[in-house]
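Asker: let's see this in three dimensions:
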Amino acid sequence: MNKVKIHFLGASGTVTGSKFYLETPDLNIMVDCGMFQGQKELRELNWQPLSIDVSKVDYVLLTHGHLDHTGYLPRLVKEGFKGEIVGTSPTLSIAAIIMRDSAKIHIEEAKKANEEGYSKHRPALPYYDEKDVEKTVGLFKHAEKDEWLSLSENIRFRFKYNGHIIGATFIELNIFGKIFVFSGDIGRSEDLLLYPPDRPEWADYLFLESTYGNKLHPEENVGAILSNLISKTINERGNLIIPSFAVERLQSLMYLLWKLFKENKIPNIPIFIDSPMGNNVLSVFESHPQWHKLSSKEYNAMCEHFNIITSYGDTWKTIDDPRPKVVIAGSGMVTGGRVLTYLKQMVDKSSTTVLLVGYQAEGTRGRQLLEGAHEIKLFGTYKPVRATVHHLESLSAHADQGELLLWLKEVKNIPEKTFLIHGEPTALNTFRVKIKDTLGWQVYVPHLQEVIELSI
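Answerer: Okay, the predicted model is just below:
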């Protein structure tokens with residue numbers, strides 16, 4: 001009888017910080033290695049050493065490139081990891097872009113905090129820097145989707161297409177003949193840019209995300225909503241600010257706005273794309289056409305339609321531009337990035353509209369705006385919120401409850417145990433009951449830092 005220990009080091013009882021560590025008789029594997037985001041008590045966990053011996057980790061397998069699945073990698077390397085980091089080629093490209101961007105933000109924030117004195121740390125230090133990132137990228141090894149690869153005599157794995165963002169997969173791990181399925185983040189059944197997710201056919205142990213385990217995405221006429229908000233912006237000579245995730249959401253918004261213009265549903269209003277990371281992600285779409293629906297002709301025509309900002313100086317020129325305009329800027333949950341500069345200058349104006357597109361985690365400025373906060377803190381200063389705030393849920397890159405259940409439909413067996421991860425408490429509990437009632441499966445919600453031993 002072989003034993004496998006599962007350490008739930010993140011995304012357990014919460015959405016962020018995905019890290020799952022498997023100790024096996026052959027070798028040790030970490031699935032995803034993300035940063036915590038959102039509430040302060042979660043972010044502070046990023047600074048704490050992991051409860052495992054990092055030098056004993058042999059492999060990190062990545063489901064996709066998002067920060068909450070890859071952002072801890074440079075810290076892992078600093079703590080002594082020397083193994084291989086394996087993902088699909090677009091996932092590794094996205095992870096490198098996100099980590100490099102993250103390092104710059106950490107350095108800038110530490111510098112600003114030291115200059116303006118709003119950090120309690122003396123001095124404030126960056127979480128990691130560019131050298132840490134490049135050392136991490138040096139450990140990357142890409143794998144093709146659908147191909148079984150052996151890690152040892154008794155352990156093999158494969159990546160399966162999962163929608164969500166470019167390069168994203170779920171992972172099937174065969175450990176001593178038992179199939180461990182890690183869902184990663186599951187994409188939508190119908191997506192503007194991506195194909196529908198593949199589905200697992202067998203799972204002895206299933207680790208299933210539950211971000212929207214308690215919700216169905218609303219049926220929204222996204223084109224009409226965007227058209228109306230742009231008309232309002234023009235009439236009020238204001239600004240429409242769209243905080244956006246750099247990966248997938250930004251490209252989806254660009255595609256939508258370009259199509260609306262082509263179909264004469266919106267006028268030729270200036271639209272600025274201010275996301276250095278998003279610009280780099282566009283090149284990943286160009287390099288990996290087999291992973292998405294856009295043809296090269298559509299891709300090039302779409303990109304030519306927008307004003308793509310490349311320097312921070314141009315950010316200020318855009319702010320000073322008196323014309324009504326649309327600005328799409330990172331980050332999607334308003335936790336950092338260029339959008340903070342725009343909001344600091346514009347969130348106190350009634351002619352400003354803020355459009356939130358997608359999930360807003362607890363403790364983020366995006367969630368505060370969504371819940372009607374009368375002020376938000378930006379660069380150490382509180383700014384009154386006089387802008388109108390709207391929310392588009394249907395552009396979410398995450399499957400809703402119905403789509404999650406659909407994703408499970410191909411599973412031919414009853415898993416020995418289903419672990420619900422990557423969800424907030426209400427979503428986790430609701431989805432646990434739903435799976436139990438509809439499928440009759442044994443479902444467990446692990447808590448952070450829990451260790452479970454399985455006999456296989």
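Asker: and the helices in the stretch 301-450 of the chain?
Answerer: 312-320, 339-346, 365-370, 401-407, 425-439 (DSSP state H, counting those that start in this stretch).
Asker: in stretch 292-307, what's buried?
Answerer: 292, 294, 299, 302, 303, 306 (16 or more other Cβ atoms under 10 Å). Placement of C-beta: from N, CA and C, glycine included.
Asker: what residues does residue 65 make contact with?
Answerer: Residue 65 sits next to 87, 90-95, 97-98, 165, 167-168, 247 when contact means Cβ atoms under 8 Å, 6 or more residues apart in numbering.
Asker: just the buried ones from those?
Answerer: Buried subset of the contacts of residue 65 (neighbour count, 16+ other Cβ under 10 Å): 87, 90-95, 97-98, 165, 167-168, 247.
Asker: could those residues go into TSV alongside pLDDT and distance to residue 105?
Answerer: Listed next are those as TSV, based on pLDDT from 0 to 100; distance: Cβ to Cβ, whole Å:
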residue	pLDDT	distance to residue 105
87	98	22
90	98	22
91	98	21
92	98	20
93	97	19
94	97	16
95	97	15
97	94	13
98	92	10
165	96	19
167	98	22
168	98	23
247	89	15
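Asker: in strands, which of these appear?
Answerer: residue 87 (DSSP state E).
Asker: what about residue 210, how many neighbours?
Answerer: Residue 210 has 27 neighbouring residues, counting by other Cβ atoms under 10 Å.
Asker: my read: it touches residue 425, true?
Answerer: No. Assessed by Cβ atoms under 8 Å, residue 210 is found out of contact with residue 425, at 10.1 Å.
Asker: where along the stretch 1-150 of the chain do the strands fall?
Answerer: 3-8, 19-23, 28-33, 59-61, 84-87, 140-142, 149-150 (DSSP state E, counting those that start in this stretch).
Asker: tell me the mean pLDDT for the third one?
Answerer: Strand 28-33 comes out with an average pLDDT of 98.
Asker: quick one: contacts of it?
Answerer: For strand 28-33, the surrounding residues in contact (Cβ under 8 Å, 6+ apart) are 10-11, 18-22, 56-63, 69-73, 76, 85, 151, 155, 171, 173, 182, 184, 207.
Asker: now the buried members of those residues.
Answerer: Those of those that meet the buried threshold are 10-11, 18-22, 57-63, 69-73, 76, 85, 151, 155, 171, 173, 182, 184, 207, by 16+ other Cβ under 10 Å.
Asker: among those, which are in helices?
Answerer: 69, 70, 73, 76 (DSSP state H).
Asker: turn those into TSV, columns for pLDDT and distance to residue 110.
Answerer: Compiled in TSV, these are given as follows (pLDDT from 0 to 100; distance: Cβ to Cβ, whole Å):
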residue	pLDDT	distance to residue 110
69	98	24
70	98	21
73	98	19
76	97	20
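Asker: ignoring the adjacent residues along the chain, who's closest to residue 410?
Answerer: Leaving aside its sequence neighbours, residue 410 sits nearest to residue 199 (Cβ to Cβ, 6 or more residues apart in numbering; 4.1 Å).
Asker: so the one you found sits right up against residue 407, yeah?
Answerer: Yes. Under the criterion of Cβ under 8 Å, residue 199 makes contact with residue 407 at 5.4 Å.
Asker: looking at these two, which one has more neighbours?
Answerer: Neighbours per residue (other Cβ under 10 Å) separate residue 199 from residue 407, with residue 407 holding more: 24 against 16.
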